[in-house]
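S.K.: Below are the sequence and a predicted model; questions follow.
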Amino acid sequence: MPTSDDVRRLAEQLMAELSPQQQQSFLGAIGADRSMALIENALRTPEPMVGAAPTRIRGFRVRLDLAGAKPPVWRRLELPGDLALDRLHVVIQAAMGWFDGHLHRFRTGSDPRSPYFVTPFDVEEGEDGVLEDGVRLDQVLTGTGDRLWYQYDFGDGWDHVLAVEAVLDQPPAEVRCTGGRMACPPEDCGGIGGYTELAAWVRGGCDPGSVPAPFEDAGHARDWLPLDWHPDLFDVDEANTALAAAVAAPLRVAGELAALCEQLERAGNRALTQLLERSASPAGFEVTEADAARLIEPYLVLLDLIGDGVRLTSAGYLPPALVEQLAERTGVTGWWIGKANREDLTWPVAQLRDSARALGLVRVRKGRLAPTALARRSGNQPLALWQHILSRLPVSRTEFDRQAGWLALAVVGSGIPAEEWTRELRNLLLGLGWRTKGSPTLGTAAVASPSLDVLELLSGKTRGTITGTDPAVAATARAVTGADPSDAT
């Protein structure tokens, strides 16, 4: 619906273009109606025309182009005619490589004022119209050359056009991508203009002397870009893998995690849903006794060193000699700057002790740190101890810790490289409305949570920077969320 400002601006524009006699007639027409209905009707966007659903389902071969991209960024897709538009949105996101962190809209014309289909978010905002989830693809496209427009991220304004190349007598058994060109632009890069500058910079070898705005330096830009991103790369097999995950039946996940998914999706954000879709795999990874021993090694070392119990210092810290042994045996000494003999000055050791306590492996009583009964019973059974750790995740003391914990499990369970965990987690938390006090965003430290600490320790953080994907760690996270089809637990 037009706002009062829209009405005023249009009225001023119309009046400026009319002769004095026409102005009088125009004002008379408005005055006679005693309202602005005449102008409001002129501004109102008509609802899109929707045909009846065909009785026979056919398929479409379509080409999806990102408008304004040079060289062209496109995908060729085969789609069933009965695909609803809300599911087509999911297909476009997966095929292109977007992360679905922004609002979207389907239009029937290239003009932004063309008739469009409303989303559940639009309805929550008070809009009326034809809901996209009740419209099939074959109700808006019927023959070769027909087009449908799709906009993603109203800020960057990524416009796509879906053009029918052929009508297929039989619908494809599954949605598939048969071709394409160029990588999807990075999210939030400033639209076509920002993407063009970034692409040229990467093609030119990431010259430190010509870093595009708003980056501070080449390192900042490379850290911000998706891992190994290059504008000229496209892999049709990767696109089809993403499509298969996107259109798969919804996963059954833990209730709290499902609620967070629903909260984000109501705001048009499917990033968490996509991560959980990635968690599904044809065959689950089964964590063995050897895998469990490797994952929980830092906790086993701590339990071995404290034995039946150890007296803490008067300040409540581990004795310096024990800190040195713990740092040596867990690998901290190999990269830590300093003597690593004081717990308060060696955060990896302090983090390990805090994590073990949060997981119910150790306890403090009368100035002594001792293993819990559970830890004593399972000390020689790594798999049993690993299963106990699963039962305590997510670790939470606050609402933030709990939500951040579930999100961390989803991120890690998706199998994305460890280098991307913090960025993905930050984006999800921002989507849920979490902010650092006095700031519009979240810093790296603010993203930390006890559950993420556990997952990083299982990944080998005590031995230095963690990179890549560890299938056993991903399987651990999936076992907690419920998205792992294996019977490891």
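M.R.: Perfect, I can see it now. Numbers count the residues shown, from 1 in each chain.

S.K.: buried set for stretch 348-367?
M.R.: In terms of neighbour count (16 or more other CB atoms under 10 Å), stretch 348-367 has its buried residues at 348-353, 355-356, 358-362. To be clear about C-beta, it is placed using only N, CA and C from the backbone, and glycine gets the same treatment.

S.K.: How about residues contacting that stretch?
M.R.: If you take CB atoms under 8 Å, 6 or more residues apart in numbering as the criterion, stretch 348-367 is touched by 298-299, 302-303, 306, 311-312, 316, 318, 323, 326-327, 330, 332, 336, 340, 343-344, 369-372, 374-375, 385, 388-389, 392, 395, 450, 453-454, 457, 461-462.

S.K.: Same check on stretch 441-453?
M.R.: Contacts of stretch 441-453 from elsewhere in the structure, counted by CB under 8 Å, 6+ apart, are 351, 354-355, 358, 393-397, 400-401, 404-406, 408-409, 421-422, 425-426, 429-430, 434-436.

S.K.: Pass me the low-pLDDT residue ranges in the stretch 151-300 of the chain, would you?
M.R.: Screening the stretch 151-300 of the chain residue by residue with the criterion pLDDT under 70, one finds the ranges 249-251, 280-284.

S.K.: Strands of that one, start to end?
M.R.: Assigned strands in the stretch 151-300 of the chain, in chain order: 158-168, 176-181 (criterion: DSSP state E, counting those that start in this stretch).

S.K.: Tell me which of those approaches Thr469 most closely.
M.R.: Between Thr469 and those, the shortest gap by CB to CB is with strand 176-181, which sits at 23.6 Å.

S.K.: Could you list the residues in contact with that closest one?
M.R.: In this structure, residues lying in contact with strand 176-181 by CB under 8 Å, 6+ apart are 61, 71-78, 95, 234, 236, 239-240, 243.

S.K.: can I get the CA coordinates of that strand in PDB?
M.R.: Below are the C-alpha coordinates for strand 176-181, written out as PDB (Å, rounded to 0.1, in the frame of the first residue of the first chain):
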ATOM      1  CA  ARG A 176      18.400 -30.500 -11.100                       C
ATOM      2  CA  CYS A 177      20.900 -28.100 -12.500                       C
ATOM      3  CA  THR A 178      22.300 -29.000 -15.900                       C
ATOM      4  CA  GLY A 179      24.600 -26.000 -16.500                       C
ATOM      5  CA  GLY A 180      25.700 -22.600 -15.400                       C
ATOM      6  CA  ARG A 181      28.500 -20.100 -15.300                       C
END
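
S.K.: Sheet-wise, list the partners of that strand with their directions.
M.R.: Strand 176-181 has the following strand partners under DSSP bridges: strand 74-80 (antiparallel).

S.K.: so the partner strand versus strand 158-168, what angle?
M.R.: Between the axis of strand 74-80 and that of strand 158-168 there is an angle of 50 degrees, by axes from the mean of the first three to the mean of the last three CA atoms, to 10 degrees.

S.K.: Identify the residues contacting the most centrally placed residue in the chain.
M.R.: To find the centre residue of the chain, average its C-alpha atoms and take the closest one (CA atoms, centre = their mean): that gives Ala271, at 3.1 Å. Shown in contact with Ala271 (CB under 8 Å, 6+ apart): Phe99, Asp100, Gly101, Leu264, Glu424, Asn427, Leu428, Gly431.
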